[in-house]
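Novice: Just the structure for this:
(one chain, ligands or ions: 2)
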Amino acid sequence: MEAAAALIRAGQLVAFPTETVYGLGANALDPEAIGRIYEAKGRPRGSPLIVHVSSIAMARELVREWPENAARLTELFWPGPLTLVLPKSDLVPIDVTGGLDTVGIRMPNHSVALELIRASGVPIAAPSANRFSELSPTTADHVRASLGDRVAMVLDAGPTHVGIESTVVSLAGPEAVLLRPGMISQAQIESVIGPVRLPVNCASEPHPSPGMHPKHYSPRTRLVIVDAGSLPAGRGACLWITKNPGSARDIQMPADPYTYAARLYDTLHQLDAEGLDWIAVERPPSDILWAGILDRLTRAAAE
Ligand code: TXA
Ligand code: MG
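Specialist: Ligands and ions are numbered 1, 2, ... in the order given. Prediction:
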């Protein structure tokens, strides 16, 4: 941990576990260190990064306003898989926010992540620790396979527990907006702050959450979402929740969304290494608890 914190202070990259996915971390206050994140990921510069903090006090230094809704949500959901987008303070370099006047912040619910931030003494900017547009890593092995020696150190704390990326909510405008669904559901957020709107279609106006490319979180293998029955030709595998027709290599997935999310990326990483023609995934229930999972699967299936 001391060595990792020293690397962060020296402007280097350290991959670390959070409860959602592994992050590729750098000192959020150091523009050169931030540049190394974009380079290692091969990610376009316009994509804003999430800044990870170890306390509410640290979060408040990064923003110009701390609205009542931020206080309410963080009291209930931090540390945890919820990112809040707020107007940034002058402390935050625009390199971190992709040029935006807002910053995404979260306090991860993982002792290793929190200890790294505390030991470094700075907030840590971290996207998922994978090359751009690839599947996010839920183990240290996934990080090494994707980034290799592009990262100075990988802190290995075993598989992550939540399994998909945090819910992102913007509180920067007059209405709260759900920018990215996750395992903290829209209903949970609305029960605390009232109505949250969904982003308008990104084709018709500037994208509210510039990192959310339609094709994202993808295995290399072609992924298709299926309702039932017909599967593509060739060699593939199927992730089922309810049905199990025995027509392909079938993988039974958990019917509970939280357990499903925790297993999803590792299952896809493993199948992706097999050189199949396709991976089929049974369409998850339309229930709001599955919204984050459906979002990632839809993006992974986008051409
Ligand atoms: O669970 C997670 O959120 C993981 C772990 C490592 O914390 N991080 C993660 O980071 O998924 P990344 O960079 O892969 O996704 C960050 C997303 C961006 O793609 C964007 O949609 C949104 O968060 N975001 C960040 N800052 C924003 C801002 N200022 N305005 C709008 N959206 C923002
Ligand atoms: Mg990512």
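Novice: now the strands for the protein?
Specialist: Ranges of strands in the chain, per DSSP state E, are 14-16, 23-27, 50-52, 82-87, 102-106, 124-125, 153-154, 167-170, 177-180, 222-226, 236-240, 249-252, 278-282.
Novice: How far away from the center of its chain is the fourth one?
Specialist: For strand 82-87, the gap between its own C-alpha mean and the chain's C-alpha mean amounts to 14 Å (C-alpha atoms, centre = their mean, to the nearest Å).
Novice: same thing with the last one?
Specialist: Taking C-alpha atoms, centre = their mean, one finds strand 278-282 lying 22 Å from the centre of the chain it belongs to.
Novice: So what touches that strand?
Specialist: Strand 278-282 is contacted from outside by 219, 221-228, 231-232, 234, 236-243, 248, 253, 268, 271-272, 297, 301, using C-beta atoms under 8 Å, 6 or more residues apart in numbering. Just so you know, the C-beta spots here come from the backbone N, C-alpha and C atoms, and that holds for glycine as well.
Novice: switch to 6 Å and redo it
Specialist: Contacts with strand 278-282, where a contact means C-beta atoms under 6 Å, 6 or more residues apart in numbering, come from 221-226, 231-232, 236-241, 271, 297.
Novice: ditto for the third one
Specialist: Residues external to strand 50-52 that are found in contact with it (C-beta under 6 Å, 6+ apart): 28, 83, 103-106, 108, 123-126.
Novice: now do 7 Å
Specialist: With C-beta atoms under 7 Å, 6 or more residues apart in numbering as the test, strand 50-52 has contacts from 23, 28, 62, 83, 96, 103-106, 108, 113, 117, 123-127.
Novice: for this structure, what spans make up the helices?
Specialist: 2-9, 31-41, 56-61, 68-77, 111-120, 140-147, 186-193, 257-272, 291-301 (DSSP state H).
Novice: would you list the ones you listed in CSV and tack on distance to ligand 1 and mean pLDDT?
Specialist: CSV is the format used below for these (distance: least, C-beta to the nearest ligand atom, whole Å; pLDDT from 0 to 100):
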stretch, distance to ligand 1, mean pLDDT
helix 2-9, 15, 98
helix 31-41, 9, 97
helix 56-61, 13, 98
helix 68-77, 13, 98
helix 111-120, 8, 98
helix 140-147, 11, 97
helix 186-193, 15, 98
helix 257-272, 11, 97
helix 291-301, 10, 96
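Novice: Now the ones you listed in TSV, please, with extra columns for distance to Pro199 and mean neighbour count.
Specialist: Listed next are those as TSV, based on distance: least, C-beta to C-beta, whole Å; neighbours: other C-beta atoms under 10 Å:
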stretch	distance to Pro199	mean neighbour count
helix 2-9	32	17
helix 31-41	23	19
helix 56-61	23	16
helix 68-77	17	16
helix 111-120	27	20
helix 140-147	28	20
helix 186-193	12	16
helix 257-272	21	20
helix 291-301	12	21
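Novice: Just put these in JSON lines and tack on distance to Val169.
Specialist: Shown next, in JSON lines, are the helices of the chain (distance: least, C-beta to C-beta, whole Å):
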{"stretch": "helix 2-9", "distance to Val169": "27"}
{"stretch": "helix 31-41", "distance to Val169": "23"}
{"stretch": "helix 56-61", "distance to Val169": "14"}
{"stretch": "helix 68-77", "distance to Val169": "7"}
{"stretch": "helix 111-120", "distance to Val169": "20"}
{"stretch": "helix 140-147", "distance to Val169": "27"}
{"stretch": "helix 186-193", "distance to Val169": "6"}
{"stretch": "helix 257-272", "distance to Val169": "18"}
{"stretch": "helix 291-301", "distance to Val169": "13"}
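Novice: Nearest to Pro159, out of the ones you listed?
Specialist: helix 257-272 (6.7 Å; C-beta to C-beta).
Novice: just the angle between the closest one and strand 278-282, please?
Specialist: 170 degrees (axes from the mean of the first three to the mean of the last three C-alpha atoms, to 10 degrees).
Novice: Which strands or helices does helix 257-272 pack on?
Specialist: Helices and strands touching helix 257-272, as assessed by 3 or more C-beta pairs under 7 Å, 6 or more residues apart in numbering; DSSP states H and E, comprise helix 291-301.
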